[in-house]
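>>> Would you be able to build a 3D model of this:
(chains A, B, C and D)
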Protein chains: 2
Amino acid sequence: MNKKDITILLVDDEPDILEIVGYNLTAEGYNVLTAENGVEAVKIAKKKNPHLIILDVMMPEMDGIEACEQIRKLPDLQNTIITFLTARGEDYSQVAGFDAGADDYITKPIRPKVLVSKVKALLRRLKEEESSDNVVKIGNLVINRDEYKIIKDKKEIVLPRKEFELLSLLASKPGKVFKREDILDKVWGNEVIVGGRTIDVHIRKLREKIGDNSFKTIKGVGYKFVV
Amino acid sequence: MNKKDITILLVDDEPDILEIVGYNLTAEGYNVLTAENGVEAVKIAKKKNPHLIILDVMMPEMDGIEACEQIRKLPDLQNTIITFLTARGEDYSQVAGFDAGADDYITKPIRPKVLVSKVKALLRRLKEEESSDNVVKIGNLVINRDEYKIIKDKKEIVLPRKEFELLSLLASKPGKVFKREDILDKVWGNEVIVGGRTIDVHIRKLREKIGDNSFKTIKGVGYKFVV
DNA sequence: TCTGATGATAACATTTACTTAACCTAACTC
DNA sequence: GAGTTAGGTTAAGTAAATGTTATCATCAGA
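Predicted structure coming up:
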């Protein structure tokens, strides 16, 4: 993922902080959103789905801890990284913050350099999590969605996109039969209209590369991947 | 399955990790067992048959990979989900881990929230297998509509689509008599017109494959499936 | 610009499911 | 018990679905 595509939501009631921190993060190439209180923060988080949220603990309207709890409840934001801004020594907030679902905290006064490197570190985690999430193992196959590659019996196999997507779909639920229409929907998208033999040809290529008996045809229905 | 009934075996040589991860998983309601090395892990796994095993790769005595291999050999633990804990960047362990039979890996440093959600995701797989509503059991028959397959006395039987639909219909209400017209409606669709002997022929094939006495003819009415 | 990879397609082959026709059997009616 | 009716059986025919291969347009990268 590119830095440009990373969105950070910055929440503090002091405009000075928003500006200074916002400036530094923008300079690093991140996409920065700001909010001045918890209510606004939750609203923006819901709408924009940021990757990282930096939350001041002490705020009017709704404090950071409550905002954090609210955000954590949203299903789309389960994987968002949340970090608090706390005045040093406010030990309480650290404990309460972790309880509320925070991942880290940054102490005020803020030193921009430190903040930026912390943000980088946090986002690095995000990347890794993504990549580990996108690795699936079925039988002797390892499917790596990030790198668009397959490892079969320790050997790497490179598949073109369509073939990869198709395999990836079928292998996501080994044994389950995917109807032709479902396959078209998910691999080709439901606007595209392709000829009747297109799926077959791709299945054929997969059979060639991955193994003939991994793909079963259910006539009149579709295909399934078996281990 | 209730969370209380789910057992997780956590294996790491660092007590800190055992404590922190153990605490989080226990707080989620899981049943947590711990081991400090591979040997102990295998022993406990054998005895307690946990649903999920979280294995540190680097350990004294027996490392995680070897432990994983040993565990995978045990017949009772074929369906156990195994996930590794690996230090970031230890790319080697990921591949070797998958080879040894692991299903996933989690990178250190551990973010408790992420770990918990990953554990949930892994266990969801387990649940899905158990409670998929597209599987019907009648007597010694298992009808799996997702996979379009029939299991009779632990043996898989492959049926063509019409036969599958027909069996599936009749077996949906064992004992109930389905009128010929109803069968035509549901299996063939009410636009199609087929000859008078078509249903009989399909019933015959089912009798051949599933068993003669499972299908009773009610003359002048239709057919029923009996256990 | 050229090259090779990719993905779609057409045309044909092959396979399989499904249907039908023709004949057979059992049961029921009078 | 002959006639009638509904269903059983079989094999063969047909249509539908899928497999296969070669070919072509497109596009990204050298």
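>>> I'd guessed A:Cys87 sits against A:Tyr105; true?
I think there's a mix-up here, since residue A:87 is Ala and not Cys. No - with contact defined as Cβ atoms under 8 Å, A:Ala87 does not count as touching A:Tyr105 (10.7 Å). For glycine as for every other residue, the C-beta is placed from the backbone atoms N, C-alpha and C.
>>> roughly how far apart are the residue of chain A found nearest DNA strand C and A:Thr217?
Proximity of chain A to DNA strand C (Cβ to the nearest atom of the strand) peaks at A:Pro160, 2.6 Å away. According to Cβ to Cβ, to the nearest Å, A:Pro160 stands 21 Å off from A:Thr217.
>>> how much space is there between A:Glu36 and A:Ile81?
Where A:Ile81 is concerned, A:Glu36 sits at a distance of 21 Å (Cβ to Cβ).
>>> quick one, which of these two is more surrounded?
The residue with more neighbours, out of A:Glu36 and A:Ile81, is A:Ile81; 23 against 17, by other Cβ atoms under 10 Å in any protein chain shown.
>>> And the strands in chain A, which stretches?
Using DSSP state E, the strands of chain A run over residues A:7-11, A:31-35, A:52-56, A:81-87, A:104-108, A:135-138, A:141-144, A:149-152, A:155-158, A:177-179, A:215-218, A:222-225.
>>> if you look at the shortest one, does any of it touch DNA strand D?
Think strand A:177-179. No - Strand A:177-179 stays clear of DNA strand D (Cβ under 7 Å from any atom of the strand), getting no nearer than 8.9 Å.
>>> One more: the last one?
Yes - applying Cβ under 7 Å from any atom of the strand, one finds strand A:222-225 touching DNA strand D at A:Gly222.
>>> partners of that strand, with directions?
strand A:177-179 (antiparallel), strand A:215-218 (antiparallel) (DSSP bridges).
>>> Repeat that for the fourth one.
Strands adjacent to strand A:81-87 in the sheet, as given by DSSP bridges, are strand A:52-56 (parallel), strand A:104-108 (parallel).
>>> out of those, nearest to A:Ile150?
strand A:52-56 (31.7 Å; Cβ to Cβ).
>>> Show me what that closest one is in contact with.
By Cβ atoms under 8 Å, 6 or more residues apart in numbering or on different chains, the surrounding residues in contact with strand A:52-56 are A:6-14, A:17, A:21, A:38, A:41, A:45, A:64, A:67-68, A:71, A:80-85, A:102, A:106, A:119, A:122-123, A:126.
>>> Narrow these to just the buried residues.
A:6-13, A:17, A:21, A:38, A:41, A:45, A:64, A:67-68, A:71, A:80-85, A:102, A:106, A:119, A:122-123, A:126 (16 or more other Cβ atoms under 10 Å in any protein chain shown).
>>> sorry, back to before: the strands paired with strand A:81-87 into a markdown table, with extra columns for mean pLDDT and distance to A:Arg197?
A markdown table is the format used below for those (pLDDT from 0 to 100; distance: least, Cβ to Cβ, whole Å):
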| stretch | mean pLDDT | distance to A:Arg197 |
| --- | --- | --- |
| strand A:52-56 | 90 | 47 |
| strand A:104-108 | 76 | 53 |
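>>> Most tightly packed of the ones you listed?
Mean neighbour count (mean count of other Cβ atoms under 10 Å in any protein chain shown) peaks for strand A:52-56 among the strands paired with strand A:81-87, with a mean of 27.
>>> Also compute the angle for that strand relative to strand A:7-11, please.
10 degrees (axes from the mean of the first three to the mean of the last three Cα atoms, to 10 degrees).
>>> Next, the distance between the ends of stretch A:65-79.
End-to-end distance for stretch A:65-79: 17 Å, by Cα to Cα, to the nearest Å.
>>> tell me which residues in that stretch are buried?
In stretch A:65-79, counting by 16+ other Cβ under 10 Å, buried: A:Ile65, A:Ala67, A:Cys68, A:Glu69, A:Gln70, A:Ile71, A:Arg72, A:Leu77.
>>> ok, A:Thr86 to chain B distance?
Per Cβ to the nearest Cβ, to the nearest Å, A:Thr86 is found 18 Å from chain B.
>>> what about that residue, neighbour count?
23.
>>> And A:Pro60, by the same measure?
10.
>>> okay, now the domains of chain A?
A:3-133, A:138-225 (automatic domain parsing).
>>> Kindly reformat these as TSV containing distance to B:Ile53.
Below are the domains of chain A laid out as TSV (distance: least, Cβ to Cβ, whole Å):
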stretch	distance to B:Ile53
domain A:3-133	17
domain A:138-225	19
